[in-house]
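J.: attaching a predicted model along with its sequence, questions to come.
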Amino acid sequence: MAIRFVRSLFMNLKKMKPFNALLIVVLILLTGSMSGNAQETGKVSITMQQLKLVFDINASGTPEYALFYKDKPVILTSKLGFRINKTIEANQNFRLLKVDSTEIDHSWKPVWGEVKNIRNHYRELTAHIQQTTAPYLMMNIVFRVFEDGLGFRYEFPLQQTIKFFVIDEEQTEFKLTGDHKAFWIPADYDENEYKYTISKLSEIDAWKYPILSSGSFAENIPDRDAVQTPLMLKSAEGIYMNIHEAALVNYPAMQLHINKANSTLSSNLVPDAVGNKAYLRTPAKTPWRTVIISDKATDILASKLILNLNEPSKIKNTNWIKPTKFMGVWWEMQTGLSSWSYTDNIDSLSADGKLVPHGHHGANTANVKKYIDFAAKNGIKGLLVEGWNLGWEEWTGNWKEENFDFVTPYPDFDVKGIERYAKQKGVQMIMHNETGASATNFDRLLDTSFRFMKQFGYTAVKTGYVGKIIPNGEHHDGQWMVRHYERVAKKAAAYHIMVDMHEPVRPSGLSRTYPNWMACEAGRGNEWNAFSDGSSPDHETILPFTRLMGGPMDYTPGIFKLRNYAKGAPERHMHTTLAKQLALYVTIYSPVQMAADLPENYEAHLDAFQFIKDVPVDWDDTKVLEAEPGEFITMVRKEKGKNSWFLGAITNEKSRTSNISLDFLDPGKTYIATIYADATDADWQTNPEAYQINQYRVDAATKLHLKLANGGGTAISITPASVSSAKSIQKY
């Protein structure tokens, strides 16, 4: 409106007498001057629906913000700023130069994802500020208020006094209104595969459980009162809040320190090998700090705020990027039935100078062909093989930098023969590049590795970073590694290769910018049930509210043999029912979903395996029907380009009955619902493999009553009915 007013005014000035026109111009200039002075001390705000953001600079020149939801504070006045170059306190002595504001409302289509279209609607406020004392640092703070939350970041424009600078501390605060319930894991610089703890913020103790990373508390979790993001919170008043970051590029990951006395969270950046946090050059910008808020838990899971804060795809032609399901020569290694390595001793050679095999190497040609046969027979389009290449005998934990060359197979892995066999069977091989955390070695050999993949027909790669990072002293979540992960994604895109990263930093929505970056692990996956005490039954009800907020997870669901699967550990068992393993294909999203179990375990339950065969990995729509973090989730997704729906319902260790309306179906149409449910006597501890499968006619008026066992779940495929099936199948 202001622009239209000024344009109209100056059009009228042309028609005025010179003196009158001059008088009006003087008045305009005076008004602008007074407005600028008022901005230096006055609060500014923007509102979007039920959210209101207030920005101010206090008497000390410290920038501050507050956030309100439904006219009630959810983040109290919180400070913003930095300490840089050891001596510059970039959190005080600022004045407000000007404020820009705008509103954006458009939609975009993801290359793949949970929905076909994403609306990007926000109001933006940019506060241009400058210090009144040397070095007169200029900084912009950009706020975007969406209907479901807030994103904000810092920008350092090109300026005369500062060019290159070092971030010592980022001093962003989130001052909460109370001692909220938190769903948290420790702020480990190198490891994010911890079990989640549910407690009040004041009860958080990052040293409560044994450290998982390769280091000490002093090295990797020095702050006992700090947690990782995404951090899920719930207030006593029933307000749900998720704090994370978006577009993490050229910057360390943000962790959160907790001031237990006043429930204030503050950013705690992951340091590098010498203790610095980030190295920047103007112009520069930080990642977005994100706060998603609602009084409905379902809204948190439905939010696309983090994706919207990322840049559009940098890959122009994305036709080669294909979501897929795959199997793997993998679970048998995790459970000890075979090994990644080929020999027990690389220094002990046979008389003809060859490695002496120990006889239980999993990635051998005959075994790989067995997986290819099963995948081809059952319509599974991809196969991952781990342990195929030389180096697994000394692959991590030894500071051995050149541990893999990524192109030399073990003697029993026929690269060319397997490529031909898989191609004949219609199965796409997936490469595995474990680095043993030697990122420098992988950097040097990226082109070598990707050329090898293209030579032998591999279109996707799973990378891994187990162990202490090389270069020595760097962390998985520090700036150096954040830049490395992006380099890998960009280089892979140049070769038309899709990437699934394991042991990386937590995702922050960069799958929008690099849609070939399909998924990450970056959390406690299903594999922990193979080699440890596993995860509690509520784990999968927490993950979507935490780890998955930033992007898809390679969780590896689909384990059917739920007891007596681990060699030498008969007491070990999965903490879910079989039906819940099926439901995870819906509730834990990934465009690259693994059918993780062994072929023989699927052959024992081919009726249940039908759901894995049918469930898609790319969707037109997703609806979160009910949810409560730590307790239950029910969601339904519509298959990309089709009128079929797939529903997943999961619970924690408690049984529950879920009443679900199918009003999302097209009115007047009949569908067939195939329900994969827990048997009446199913229980994750005593009878996990008991399930039942039933089919019913349903329509938009149908209301399902789903009984979930302790630690259980339900998976449902809902497909349009044919004339014959509509008559022969019982109505629900």
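T.: Right, received. Where do you want to start?
J.: helix or strand with the lowest mean pLDDT in the protein?
T.: The weakest-scoring helix or strand in the chain, judged by mean pLDDT, DSSP states H and E, is helix 18-41 (a mean of 38).
J.: run the chain-centre distance for the helix or strand where Ser267 lies.
T.: Assigned by DSSP states H and E, Ser267 belongs to strand 264-269. Distance of strand 264-269 from the chain centroid (C-alpha atoms, centre = their mean, to the nearest Å) equals 20 Å.
J.: same check, this time on stretch 263-281
T.: Here stretch 263-281 is found 21 Å from its chain centre; the criterion is C-alpha atoms, centre = their mean.
J.: which parts of it are buried?
T.: Buried positions in stretch 263-281, judged by neighbour count with 16 or more other C-beta atoms under 10 Å: 263-272, 276-278, 280. Quick note: C-beta positions are derived from backbone N, CA and C, even for glycine.
J.: then stretch 250-266?
T.: 250-258, 263-266.
J.: what is the most widely separated pair among the residues you listed?
T.: Across these, the longest distance by C-beta to C-beta is 31.3 Å; it joins Asn250 and Ser263.
J.: quickly run through the sheet partners of whichever helix or strand comes after the least confident helix or strand of the chain, with directions.
T.: Downstream of helix 18-41, the first helix or strand assigned by DSSP H and E is strand 44-48. Strand 44-48 has the following strand partners under DSSP bridges: strand 51-57 (antiparallel).
J.: next secondary structure element downstream of the partner strand?
T.: Later in the chain than strand 51-57, the nearest helix or strand by DSSP H and E is strand 63-69.
J.: just want the angle from that following strand to strand 44-48.
T.: For strand 63-69 against strand 44-48, the angle between stretch directions is 30 degrees (axes from the mean of the first three to the mean of the last three C-alpha atoms, to 10 degrees).
J.: what average pLDDT does strand 63-69 get?
T.: Mean pLDDT, strand 63-69: 98.
J.: repeat that for stretch 212-221.
T.: Mean pLDDT, computed over stretch 212-221, is 94.
J.: go through that stretch and flag the buried ones.
T.: Leu212, Ser213, Ser214, Gly215, Phe217, Glu219, Asn220, Ile221.
J.: stretch 408-422 now?
T.: Buried residues in stretch 408-422 (16+ other C-beta under 10 Å): Pro409, Tyr410, Asp412, Phe413, Asp414, Val415, Ile418, Tyr421, Ala422.
J.: got the residues you listed as CSV, with pLDDT, distance to Thr365 and secondary structure columns?
T.: Listed next are the buried residues of stretch 408-422 as CSV, based on pLDDT from 0 to 100; distance: C-beta to C-beta, whole Å; DSSP: H, G, I helix; E, B strand; the rest coil:
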residue, pLDDT, distance to Thr365, secondary structure
Pro409, 98, 10, strand
Tyr410, 98, 10, coil
Asp412, 98, 6, coil
Phe413, 98, 6, coil
Asp414, 98, 5, coil
Val415, 97, 9, helix
Ile418, 98, 6, helix
Tyr421, 98, 9, helix
Ala422, 98, 11, helix
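J.: which of the residues you listed lies closest to Leu125?
T.: Distances from Leu125 to the buried residues of stretch 408-422, taken by C-beta to C-beta, are shortest for Ala422, at 53.9 Å.
J.: re the thing from before, take the buried residues of stretch 212-221 and keep only those in helices.
T.: Phe217, Glu219, Asn220 (DSSP state H).
J.: now the buried residues of stretch 212-221 in a markdown table, with distance to Gly149?
T.: Formatted as a markdown table, the buried residues of stretch 212-221 follow (distance: C-beta to C-beta, whole Å):
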| residue | distance to Gly149 |
| --- | --- |
| Leu212 | 30 |
| Ser213 | 31 |
| Ser214 | 36 |
| Gly215 | 34 |
| Phe217 | 33 |
| Glu219 | 34 |
| Asn220 | 30 |
| Ile221 | 28 |
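J.: and whatever helix or strand Leu584 lives in, how far from the chain's centre?
T.: Per DSSP H and E: Leu584 is located in helix 578-587. Relative to the chain's own centre, helix 578-587 is displaced by 19 Å; criterion: C-alpha atoms, centre = their mean.
J.: what pLDDT does Lys314 get?
T.: So Lys314 comes in at 98 (pLDDT).
J.: number of nearby residues for it?
T.: 13 (other C-beta atoms under 10 Å).
J.: now do the same for the nearest residue to it once chain neighbours are set aside: helix, strand or coil?
T.: In space, and not counting its chain neighbours, Lys314 is closest to Thr513: 5.7 Å by C-beta to C-beta, 6 or more residues apart in numbering. In terms of secondary structure, Thr513 is coil; the call rests on DSSP: H, G, I helix; E, B strand; the rest coil.
J.: so how far is Thr318 from Thr513?
T.: 12 Å (C-beta to C-beta, to the nearest Å).
J.: picking that back up, closest one to Trp108 out of the ones in helices among the buried residues of stretch 212-221, please.
T.: The closest of these to Trp108 turns out to be Asn220 (C-beta to C-beta; 38.4 Å).
J.: ok, the closest one to Ser199 distance?
T.: The spacing between Asn220 and Ser199, counted by C-beta to C-beta, is 21 Å.
J.: poorly predicted segments of the protein, please.
T.: 1-42 (pLDDT under 70).
J.: now do 90
T.: 1-42, 215, 353, 397-399, 723-728 (pLDDT under 90).
J.: on that earlier part again, closest to Thr177 among the buried residues of stretch 250-266?
T.: Among those, and counting by C-beta to C-beta, the member closest to Thr177 is Ser263, at 7.4 Å.
J.: surely that closest one is in contact with Asp179?
T.: Yes - counting by C-beta atoms under 8 Å, Asp179 is a contact partner of Ser263 at 5.4 Å.
J.: overlap in contacts, the two.
T.: The contact sets of Ser263 and Asp179 overlap at Leu201, Ser202 (C-beta atoms under 8 Å, 6 or more residues apart in numbering).
J.: redo the buried residues of stretch 250-266 as JSON lines? Include distance to Ile588.
T.: Shown next, in JSON lines, are the buried residues of stretch 250-266 (distance: C-beta to C-beta, whole Å):
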{"residue": "Asn250", "distance to Ile588": "29"}
{"residue": "Tyr251", "distance to Ile588": "27"}
{"residue": "Pro252", "distance to Ile588": "27"}
{"residue": "Ala253", "distance to Ile588": "22"}
{"residue": "Met254", "distance to Ile588": "24"}
{"residue": "Gln255", "distance to Ile588": "24"}
{"residue": "Leu256", "distance to Ile588": "24"}
{"residue": "His257", "distance to Ile588": "29"}
{"residue": "Ile258", "distance to Ile588": "28"}
{"residue": "Ser263", "distance to Ile588": "31"}
{"residue": "Thr264", "distance to Ile588": "32"}
{"residue": "Leu265", "distance to Ile588": "27"}
{"residue": "Ser266", "distance to Ile588": "31"}
